[in-house]
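>>> Pasting a predicted model and its sequence here:
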Amino acid sequence: NSQTNPQLTDQPITDARIQLEAGSRIDVSGGAVNLAMSRNELEVRLTSNELNGLPLQVEGILSGATVKVDIRDADKEGRIPVANISGAINNIAKTVDEHTTAGGTVSLNSQGSVVFAKGASIDVSGGSIAYADGFISTTKLTSNGKEYDIGKADPNLIYDGIVGQVSRRSDRWGITRTWGIGGLANQASFHRGYVDGQDAGTVNIAAHGMILNGDLIAHTTNGERQREAGDRALGGQLLIGLADGIGPTDQKSYRAPNINIGEYDLTNFEQVNSQLTLTDSLPQQLANQAYLSTRAFAQSGFNRLTVTSNGVISNQQLVLDQATQTMQLAGGSALHLAPGGEVSLSAEQVRLYGDITTAGGNITVNAKAIGDPMRSVIGIAQAAPSTVAVDSAVSGSTQLLVGDNVHLSVAGQWVNDRQGVAAPIPTDGVFINGGKITLNASEAQTLAIGRNVSLDVQGGAWLNSSNKLT
């Protein structure tokens with residue numbers, strides 16, 4: 001039982017600590033690679049496997065044909081309209097440098113504490129692949145006198161020829177021979193070089209006590225071909241606590257203290273300034289509280305935040321009283337993430353007193369009790385920032401609280417690419433679809449929503465350089 005097996009309740013171990021001191025650096029950022037434009041050209045033989053599910057093509061001229069495809073025309077599953085070329089794409093040989101362009105993962109997991117001191121840094125930035133100007137040759141198909149590039153060909157048409165190839169069938173011997181016509185079969189088109197940014201990585205910090213005062217870095221680069229939501233390089237992801245928890249279902253430990261999200265600089269704490277050693281206990285004010293700076297987080301390139309705690313998560317603004325060395329309540333603190341971001345907050349108590357915004361992204365907030373029977377109460381309550389202290393004890397009245405005048409927004413953007421408004425070659429993101437907001441109170445929790453609260457999921461629009469409105 002939990003009395004004889006401390007692992008079931010994940011009891012803190014005072015002597016356990018991971019400490020990153022000033023000047024220390026963990027760097028798992030992705031690298032930069034230069035490639036020729038022709039790297040996007042793929043030659044593939046189309047068999048029944050590639051043409052499966054395409055009855056007009058599996059019996060047509062593409063069956064058994066060797067074609068050239070621009071792999072950028074393939075979707076995320078490796079398909080072009082007339083064939084599934086995912087197997088050939090997956091078999092493209094890549095260098096070690098190409099395999100290390102995405103940011104990596106750093107996990108700091110302690111049954112005691114994690115001290116991430118000011119002047120220390122963790123870098124999970126994404127790298128990039130730069131393609132030089134060059135030429136790509138692709139197969140052209142014909143149908144009733146019209147020509148179609150294979151990467152955009154309609155699967156519902158019957159094709160009667162491949163440009164640059166002549167076939168002759170011998171009825172006597174039952175074979176078909178194909179010849180390529182020099183020049184026609186190898187026509188290539190010029191493509192301007194571009195940059196393809198890669199995803200940033202993940203930092204996972206789990207401990208019963210935390211000092212988060214170092215620099216988190218997760219920069220990304222996005223090129224002109226990466227403007228829409230599904231094509232953008234992902235920003236960094238910060239995970240605080242263990243999302244799946246440790247221990248039996250009714251006694252799970254998520255290995256995270258109370259988490260306060262706001263504008264904080266912990267170097268003003270005298271005990272932190274004095275440079276903690278591995279044997280020093282955490283300052284009393286930080287023993288069961290962790291402070292995450294919203295400004296430092298948003299400016300670092302991270303736009304994915306997941307916090308899981310057994311205690312309280314709040315975005316109240318707290319200010320240090322220098323005389324008493326205690327944190328005093330000063331209202332709400334907003335968290336603004338780059339478009340397409342994700343915020344997931346899960347704890348016994350979640351209190352939102354400041355705005356959270358990320359265009360076209362997702363905001364998920366869960367208040368969940370541990371070991372209590374399932375019960376959900378929804379009500380309307382005035383929730384001024386001064387009514388509840390962030391360090392109140394967790395009790396049976398645990399709740400998800402959205403304070404007065406809070407604005408939660410995942411609304412889509414309004415993007416204007418007209419000349420004179422946008423850059424000559426725009427690379428900014430296009431997140432025009434509204435995202436999703438989920439507020440969930442369960443298992444003996446109360447959902448309380450204050451006055452003048454707004455939940456914004458409206459869609460936006462995009463006027464492109466051709467004056468087309470989407």
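Thanks, I have the structure now. Numbering: from 1, shown residues only.

>>> okay, Lys252: pLDDT?
With respect to pLDDT, Lys252 scores 84.

>>> residues near it, how many?
By other CB atoms under 10 Å, 20 other residues sit near Lys252. Every C-beta, even on glycine, is put in place using the N, C-alpha and C of the backbone.

>>> just Pro424 next, same as before
Using other CB under 10 Å, Pro424 has 6 other residues around it.

>>> Over to Val312?
Residues near Val312, counting by other CB under 10 Å, number 25.

>>> Show me what it is bridged to.
When assigned by DSSP bridges, Val312 has beta-bridge partners Gln349.

>>> Quick check: it touching Ile259?
Yes - with contacts counted by CB atoms under 8 Å, Val312 reaches Ile259, the gap being 7.5 Å.

>>> Spit out the residues that contact those two alike.
Taking CB atoms under 8 Å, 6 or more residues apart in numbering as the criterion, Val312 and Ile259 both touch Ala347.

>>> name the helices or strands packed onto whichever strand or helix holds Val365?
Using DSSP states H and E, Val365 sits within strand 362-368. Packing partners of strand 362-368 (3 or more CB pairs under 8 Å, 6 or more residues apart in numbering; DSSP states H and E): strand 342-347, strand 349-352, strand 399-402, strand 436-442, strand 445-449.

>>> helix or strand for Asn405, which one?
Counting by DSSP H and E, Asn405 is found in no helix or strand.

>>> before we move on, the earlier item: pick the most deeply packed of the helices and strands packed on strand 362-368.
Highest mean neighbour count of the helices and strands packed on strand 362-368: strand 349-352, a mean of 28 (counted as mean count of other CB atoms under 10 Å).

>>> what residue is smack in the middle of the protein?
Leu234 (4.5 Å; CA atoms, centre = their mean).

>>> gap between it and Tyr194?
Separation of Leu234 from Tyr194 (CB to CB, to the nearest Å): 19 Å.

>>> Likewise for Gly126?
From Gly126 across to Tyr194, the span is 16 Å (CB to CB).

>>> same check, this time on Ile432
To Tyr194, Ile432 is 22 Å away according to CB to CB.

>>> And Thr202, by the same measure?
Thr202 sits 27 Å away from Tyr194, going by CB to CB.

>>> Looking at these two, which is more packed in?
Thr202 (21 against 18).

>>> And the more buried one, what's its pLDDT?
Per the predicted model, pLDDT is 98 at Thr202.

>>> quick one, phi psi at it?
Dihedral pair for Thr202: phi -130, psi 140, per degrees, to the nearest 10.

>>> Check Glu98 too.
Here is the backbone geometry of Glu98 (degrees, to the nearest 10): phi -70, psi -30.

>>> Report the separation between it and Ser300.
Distance, Glu98 to Ser300, using CB to CB: 26 Å.

>>> what's the answer for Ile129, then?
For Ile129, the distance to Ser300 equals 23 Å [CB to CB].

>>> Those two: who's more crowded?
Neighbour totals were compared for Ile129 and Ser300, and Ser300 leads with 24 against 21 (other CB under 10 Å).

>>> what sits against that one?
Here Ser300 is in contact with 215-219, 236 (criterion: CB under 8 Å, 6+ apart).

>>> And the buried ones among those residues, selectable in ChimeraX?
Typed into ChimeraX, the line below selects the buried ones among the contacts of Ser300, using 16 or more other CB atoms under 10 Å:
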select :216,217,218,219,236
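
>>> what number of residues lie near the residue nearest to Gly230 when sequence neighbours are not counted?
Nearest residue to Gly230, sequence neighbours excluded (CB to CB, 6 or more residues apart in numbering): Lys76, at 7.3 Å. Burial of Lys76 is recorded as 8 neighbouring residues (other CB under 10 Å).

>>> One more: Asp244?
Neighbours of Asp244 under the rule other CB under 10 Å: 8.

>>> Next: the one 3 residues further on.
Gly247 sits with 16 neighbouring residues when counted by other CB under 10 Å.

>>> Starting from Gln289, give me the distance back to it.
For Gly247, the distance to Gln289 - CB to CB - is 22 Å.

>>> Ala74 now?
49 Å.

>>> Neighbour count: these two, which is higher?
Each of Ala74 and Gln289 has its neighbours counted (other CB under 10 Å); Gln289 has more, 23 against 20.

>>> Quickly list what that one is bridged to.
Gln289 has these beta-bridge partners by DSSP bridges: Asn258.

>>> circling back: which SS class is the residue nearest to Gly230?
At Lys76, secondary structure determined by DSSP: H, G, I helix; E, B strand; the rest coil is coil.

>>> what bits of this protein have low per-residue confidence?
Low-confidence segments of the chain (pLDDT under 70): 1-9, 166-186, 265-275, 285, 317-331, 369-398, 419-423, 443-445.

>>> cutoff 80 now
Along the chain, segments meeting pLDDT under 80 span 1-10, 164-187, 249-251, 263-287, 295, 298, 316-332, 368-398, 419-425, 442-445.

>>> where do the helices sit along it?
Counting by DSSP state H, the chain has helices at residues 55-58, 86-90, 96-99, 270-273, 294-299.

>>> Pull out the buried positions in the last one.
Okay, so that is helix 294-299. For helix 294-299, the buried set under the neighbour-count rule, 16+ other CB under 10 Å, comprises 294, 296-298.

>>> give me the beta-bridge partners of Ser344?
Beta-bridge pairing for Ser344 (DSSP bridges): Thr306, Thr364.

>>> surely it meets Gly361?
No - using CB under 8 Å as the test, Ser344 is too far from Gly361 to be in contact (10.8 Å).

>>> circling back: closest one to Ser143 among the helices and strands packed on strand 362-368?
Set against Ser143 and scored by CB to CB, the helices and strands packed on strand 362-368 come closest in strand 436-442, at 42.4 Å.

>>> hang on, the earlier thing: not counting the strand holding Val365 itself, show me its contacts.
Here strand 362-368 makes contact (CB under 8 Å, 6+ apart) with 341-350, 352, 356, 398-400, 408, 410, 435-443, 445-447.

>>> and the gap between Val163 and Gly53?
Going from Val163 to Gly53 by CB to CB gives 25 Å.

>>> Have a look at those two and say which one is more surrounded.
Between Val163 and Gly53, counted using other CB under 10 Å, the more crowded position is Val163 (16 against 9).

>>> Could you measure from that one over to Ser38?
Noted for Val163: a distance of 20 Å to Ser38, by CB to CB.

>>> do the same with Leu212
Distance from Leu212 to Ser38, by CB to CB: 46 Å.

>>> quick one, which of these two is more surrounded?
Ranked by neighbour count (other CB under 10 Å), Leu212 and Ser38 place Leu212 first, with 22 against 14.

>>> Write down the beta-bridge partners of the more buried one, one by one.
On the basis of DSSP bridges, Leu212 is bridged to Phe116.
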